[in-house]
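Colleague: Dropping the sequence and predicted coords here.
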Amino acid sequence: MQRVTCEGAPRDLGLDQGRACRDAIRADARALGWDAAAGWLAAWRRPRGAAPRRALARDLARHFPHLDERTTGLAAGAALPREALLVLLEEELADAPVAAVGIAPADGGAPRVAARLRMPLPPTGLIARTARPDGGYPYLALTRPGLGPALAGVNERGLAGAVECLDPPAARGARRERCAVPGALLLDQCLERLDTVEKALEWCERRPGGGRARLVFADAAGVVGALDLDGDTRARCEAPALAPVEGERGGLALLDPGERALVVWPGTGEVERAALAAARG
């Protein structure tokens with residue numbers, strides 16, 4: 001799990017991540033058909049065609065301007081066309097390494113958010129990204145090298161969350177929705193802007209985002225909550241229990257609101273831990 005630190009304006013956050021993860025991002029792009037000489041010719045020949053990508057680019061700029069700017073920075077840092085990062089965004093979310101999300105039992109402290117990881121992980125693995133955005137809360141995120149939004153994370157104020165994308169691969173490009181950007185991206189905005197579960201649920205209920213996803217949150221006060229997204233529909237639900245199982249083959253990531261920390265059980269190998277060194281209050 002590579003450690004990455006980013007700070008500044010949205011484009012600077014992407015630029016820092018793109019530079020730190022350049023080799024991994026370019027390897028993932030090549031795996032999707034990127035050829036430095038031919039460009040995205042192979043990608044354009046896929047059945048989905050260019051239309052979903054144009055809609056994604058349009059709505060990303062319209063509804064998620066910070067992540068749009070970060071995508072531009074990621075592309076510059078990795079020395080790839082912006083189109084390459086949009087392709088990666090679609091593909092990474094459609095085949096995200098998070099298989100399930102829930103709440104892990106508390107061990108005398110605040111409940112923790114848990115994310116079950118699909119194993120084996122992609123060859124380029126995961127990153128633990130510490131972001132210090134201008135005008136937002138510092139936060140620690142678990143994500144992929146070429147992915148701007150978080151898959152799971154915890155911020156300086158003790159808000160933790162994780163997202164599970166529920167659309168099956170066959171649904172990619174088939175849904176016709178008001179917003180072409182997956183609602184899974186709302187998690188990253190919550191971590192950057194908000195400090196409690198209730199605020200995060202209200203934010204996600206009111207913001208646009210397509211596709212199907214489940215968001216699970218916990219905060220330092222011990223409050224937990226979950227939200228199912230299905231296109232424009234939002235429904236609060238009970239977060240399922242999710243805890244490490246002795247001898248299980250899959251990996252698990254735990255986000256601790258009290259410690260502002262991320263712990264990853266990779267299924268095999270040693271446990272990895274990252275913490276957010278930030279002022280609490």
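Modeller: Okay, I see it. Residues are numbered from 1 along each chain as shown.
Colleague: C-alpha only now, for contacts and for neighbours.
Modeller: OK.
Colleague: would you list every one of the helices in this structure?
Modeller: Applying DSSP state H to the chain gives helices spanning 10-20, 22-31, 41-44, 51-63, 65-78, 82-94, 186-193, 197-206.
Colleague: so the fifth one versus helix 186-193, what angle?
Modeller: In other words, helix 65-78. 100 degrees (axes from the mean of the first three to the mean of the last three Cα atoms, to 10 degrees).
Colleague: So which other helices or strands are in contact with helix 65-78?
Modeller: helix 10-20, helix 22-31, helix 51-63, helix 82-94 (3 or more Cα pairs under 8 Å, 6 or more residues apart in numbering; DSSP states H and E).
Colleague: please redo it, this time with the cut-off set to 6 Å
Modeller: Judged by 3 or more Cα pairs under 6 Å, 6 or more residues apart in numbering; DSSP states H and E, the packing partners of helix 65-78 are helix 10-20.
Colleague: Number of residues surrounding residue 94?
Modeller: By the criterion of other Cα atoms under 10 Å, residue 94 has 18 neighbours.
Colleague: brain fart, residue 108
Modeller: Residues lying near residue 108 (other Cα under 10 Å) number 6.
Colleague: What confidence value was assigned to it?
Modeller: In the predicted model, residue 108 carries a pLDDT score of 71.
Colleague: chain center to stretch 154-170, what's the gap?
Modeller: In terms of Cα atoms, centre = their mean, to the nearest Å, the gap separating the centre of stretch 154-170 from the centre of its chain is 6 Å.
Colleague: who's in contact with that stretch?
Modeller: For stretch 154-170, the surrounding residues in contact (Cα atoms under 6 Å, 6 or more residues apart in numbering) are 98, 100, 138-140, 151-153, 191, 195-196, 212-220, 257, 260.
Colleague: Can you turn the buried part of those into a PyMOL selection?
Modeller: To isolate the buried ones among the contacts of stretch 154-170 in PyMOL, judged by 16 or more other Cα atoms under 10 Å, type:
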select buried, resi 98+100+138+139+140+151+152+153+191+195+196+212+213+214+215+216+217+218+219+220+257+260
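Colleague: Among the contacts of stretch 154-170, which ones are in strands?
Modeller: Among the contacts of stretch 154-170, DSSP state E puts 98, 100, 139-140, 152-153, 212-218 in strands.
Colleague: for stretch 32-40, what is the average pLDDT?
Modeller: The model assigns stretch 32-40 a mean pLDDT of 67.
Colleague: my bad, should have said stretch 270-279
Modeller: 78.
Colleague: And stretch 209-223, by the same measure?
Modeller: Confidence for stretch 209-223, expressed as mean pLDDT, is 95.
Colleague: quick one: which of the helices of the chain has the weakest pLDDT on average?
Modeller: helix 41-44 (a mean of 48).
Colleague: picking up where we left off before, how about the helices of the chain in a markdown table, adding distance to residue 126?
Modeller: A markdown table is the format used below for those (distance: least, Cα to Cα, whole Å):
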| stretch | distance to residue 126 |
| --- | --- |
| helix 10-20 | 12 |
| helix 22-31 | 10 |
| helix 41-44 | 24 |
| helix 51-63 | 23 |
| helix 65-78 | 16 |
| helix 82-94 | 12 |
| helix 186-193 | 16 |
| helix 197-206 | 25 |
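Colleague: So which of those helices is nearest residue 129?
Modeller: Ranking these by proximity to residue 129 (Cα to Cα) places helix 10-20 first, at 8.1 Å.
Colleague: Which strands and helices lie in contact with that closest one?
Modeller: Secondary elements touching helix 10-20 (3+ Cα pairs under 6 Å, 6+ apart): strand 2-8, helix 65-78.
Colleague: at 10 Å what do you get?
Modeller: strand 2-8, helix 22-31, helix 65-78, strand 127-133 (3 or more Cα pairs under 10 Å, 6 or more residues apart in numbering; DSSP states H and E).
Colleague: Just the buried residues of it, please?
Modeller: Within helix 10-20, the residues that count as buried by 16+ other Cα under 10 Å are 10, 11, 12, 13, 14, 15, 16, 17, 18, 19, 20.
Colleague: same question, stretch 74-91
Modeller: Buried residues in stretch 74-91, counted by 16+ other Cα under 10 Å: 74-78, 80, 82-90.
Colleague: Now render the helices and strands packed on helix 10-20 as TSV, adding distance to residue 54.
Modeller: Shown next, in TSV, are the helices and strands packed on helix 10-20 (distance: least, Cα to Cα, whole Å):
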stretch	distance to residue 54
strand 2-8	28
helix 22-31	18
helix 65-78	13
strand 127-133	27
